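Asker: quick one, structure for this:
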Amino acid sequence: MSKKYYRFFGGLLTVQEYWLNKMSQKGYRLIRAEKMLYEFEACKPDQVKYCVEFIGQKSKADASDYHAFLEGMGYKKVKRCLFYDET
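Answerer: Numbers count the residues shown, from 1 in each chain. Alright, predicted model coming up:
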């Protein structure tokens with residue numbers, strides 16, 4: 001069973017990252033993210049680590065290359081270009 005939360009961060013990426021990592025500490029992994037909806041499933045506490053980064057300044061090609069680089073490093077992608085690392 002998944003848990004859904006509606007949150008608005010107003011562009012504050014560090015606050016969003018902090019909240020996602022707090023959810024991970026509680027044993028929840030992000031499985032879907034939309035405008036203000038975040039959906040989680042249960043996991044082991046601290047199983048994932050989140051990092052939120054703005055890449056809107058990159059061209060489409062550069063952003064695609066960056067996504068491929070992160071996936072090649074073992075990071076997993078969640079919709080809306082959110083990546084996480086399972087620790």
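Asker: where in the protein is the helix or strand with the lowest mean pLDDT?
Answerer: strand 82-86 (a mean of 58; mean pLDDT, DSSP states H and E).
Asker: need the helices for the chain, in chain order.
Answerer: For the chain, the helices defined by DSSP state H occupy 13-25, 60-72.
Asker: closest one to residue 50 among those helices?
Answerer: Among the helices of the chain, helix 13-25 comes nearest to residue 50, with 4.0 Å by C-beta to C-beta. Placement of C-beta: from N, CA and C, glycine included.
Asker: now residue 7: how far from residue 66?
Answerer: Look at residue 7 and residue 66: by C-beta to C-beta, to the nearest Å, they are 25 Å apart.
Asker: name the residue in those two with the higher neighbour count.
Answerer: Legend: neighbour count by other C-beta atoms under 10 Å for residue 7 and residue 66, higher for residue 66 (15 against 12).
Asker: touching, residue 50 and residue 25? I think so.
Answerer: No - judged on C-beta atoms under 8 Å, residue 50 makes no contact with residue 25 at a distance of 10.8 Å.
Asker: which one of those two is surrounded by more residues?
Answerer: Using other C-beta under 10 Å, the more surrounded residue of residue 50 and residue 25 is residue 50, with 20 against 11.
Asker: so what's the more buried one scoring on pLDDT?
Answerer: Per-residue confidence (pLDDT) for residue 50: 91.
Asker: any idea how far the closest residue to it other than its chain neighbours is from residue 52?
Answerer: Sequence neighbours aside, residue 20 is the residue nearest to residue 50 in space, at 4.0 Å (criterion: C-beta to C-beta, 6 or more residues apart in numbering). Residue 20 sits 7 Å away from residue 52, going by C-beta to C-beta.
Asker: so between these two, which is more surrounded?
Answerer: Taking other C-beta under 10 Å, residue 20 and residue 52 do not tie; residue 20 has more neighbours (25 against 19).
Asker: what's residue 38 in contact with, if anything?
Answerer: 4, 5, 6, 7, 20, 23, 30, 32 (C-beta atoms under 8 Å, 6 or more residues apart in numbering).
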